[in-house]
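J.: show me the folded form of this:
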Amino acid sequence: MDGTSAIQAGIAREIALGFRQAVKRLFDLAFASVFLTFSLPVFMVVAVLIKTTSRGPVFFRQERIGYRGRKFRIWKFRTMRADDGEKEHKAYVESLLSGPEDAGQADRVERYVEYLNRRITRIGRFLRASSLDELPQIFNILTGEMSLVGPRPHPTYEVESYKKWYHRRLQVKPGLTGWSKLNLRFTPDNYEEAILHDLWYVDHWSLLLDFRILIMTVPFVLSMKDAT
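T.: A predicted model of the protein is given here:
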């Protein structure tokens, strides 16, 4: 293939990619708009349950890293006590990503699980198990910060602790559901396995794969698996 043909092939690939991304965005907008309309009663019920069972706001907002490293604030239903801060989670993530050779890793994981169990609210435990805590991310999809399907967005301080090769997961928009979320139950021991699933999605992304993941998400949510 000569230089001109290579350039033309490259342009054709970019046009095809742009078309698929435009279709994906239109589908995100259409689905999120319809879904938000029908889910408003659920929003109201969950909001009442959160306000009547614990003090604090209904929603949790946190800075996350999205497509190509862009920062945005994610929407979630609050599942933790309102006086809970990010300090312990940040320290835990930094220790988790420091490397498997760290002899104190198992103890820190156990302490962090105990910390979560102390801080999570009664309704919060149900919201996480049912993935309903993620429902407000429909707003992030409508504003274009997220997509229906993609790697889960991580907090800023977590991305700052990434190994270099993790960053390739940021080449697509983060999603409400994704390949790694469906293929393994995330634990501290399989963090890199989850990253590898995300990178597989980046390398194999297509509209058909997105549709397959959305179909797979329905039984996943109904099974009440713990959200990650």
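
J.: run through the residues that contact the residue nearest the centre of the chain.
T.: By Cα atoms, centre = their mean, the mean C-alpha position of the chain lies nearest to Arg152, the distance being 2.2 Å. The contact partners of Arg152, by Cβ atoms under 8 Å, 6 or more residues apart in numbering, come to 174-175, 178, 180-181, 228. All C-beta spots, glycine's among them, are computed from the backbone N, C-alpha and C.

J.: give the helix, strand or coil label for it.
T.: With DSSP: H, G, I helix; E, B strand; the rest coil as the basis, Arg152 sits in coil.

J.: mind jotting down where the strands sit in the protein?
T.: Ranges of strands in the chain, per DSSP state E, are 59-65, 71-77, 147-149, 154-155, 175-177.

J.: could these be laid out in a markdown table, adding mean neighbour count and mean pLDDT?
T.: Listed next are the strands of the chain as a markdown table, based on neighbours: other Cβ atoms under 10 Å; pLDDT from 0 to 100:
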| stretch | mean neighbour count | mean pLDDT |
| --- | --- | --- |
| strand 59-65 | 17 | 95 |
| strand 71-77 | 18 | 97 |
| strand 147-149 | 25 | 97 |
| strand 154-155 | 18 | 94 |
| strand 175-177 | 25 | 95 |
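
J.: for Glu14, which of the ones you listed is the nearest?
T.: strand 147-149 (19.4 Å; Cβ to Cβ).

J.: partners of that closest one, with directions?
T.: Next to strand 147-149 in the sheet, as set by DSSP bridges, lie strand 175-177 (parallel).

J.: starting at the chain centroid, how far to the strand it pairs with?
T.: 5 Å (Cα atoms, centre = their mean, to the nearest Å).

J.: for this protein, give me the ranges with low pLDDT.
T.: 1-3, 5-6, 8-10, 84-86, 88, 96, 98-109, 111-112, 185-189, 224-228 (pLDDT under 70).

J.: packing partners of the longest helix along it?
T.: The residue-count maximum for a helix in the chain (DSSP state H) belongs to helix 3-53. Packing partners of helix 3-53 (3 or more Cβ pairs under 8 Å, 6 or more residues apart in numbering; DSSP states H and E): strand 71-77, helix 122-130, helix 138-142, strand 147-149, helix 207-222.

J.: now with 10 Å, please.
T.: With contacts defined as 3 or more Cβ pairs under 10 Å, 6 or more residues apart in numbering; DSSP states H and E, helix 3-53 has these neighbours: strand 59-65, strand 71-77, helix 122-130, helix 138-142, strand 147-149, strand 175-177, helix 207-222.

J.: now do it and helix 122-130, the angle between them.
T.: 150 degrees (axes from the mean of the first three to the mean of the last three Cα atoms, to 10 degrees).

J.: sorry, back to before: I'd like the strands of the chain as TSV, with distance to Leu135 appended.
T.: Listed next are the strands of the chain as TSV, based on distance: least, Cβ to Cβ, whole Å:
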stretch	distance to Leu135
strand 59-65	11
strand 71-77	7
strand 147-149	13
strand 154-155	19
strand 175-177	9
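
J.: counting neighbours, show which residues of stretch 21-35 come out buried.
T.: 24, 27-28, 32 (16 or more other Cβ atoms under 10 Å).

J.: tell me which of the residues you listed is nearest to Leu196?
T.: When the buried residues of stretch 21-35 are compared against Leu196 (criterion: Cβ to Cβ), the nearest one is Lys24, at 22.8 Å.

J.: ok, that closest one - contacts?
T.: Going by Cβ atoms under 10 Å, 6 or more residues apart in numbering, Lys24 touches 147-150, 172-173, 205-207, 210.
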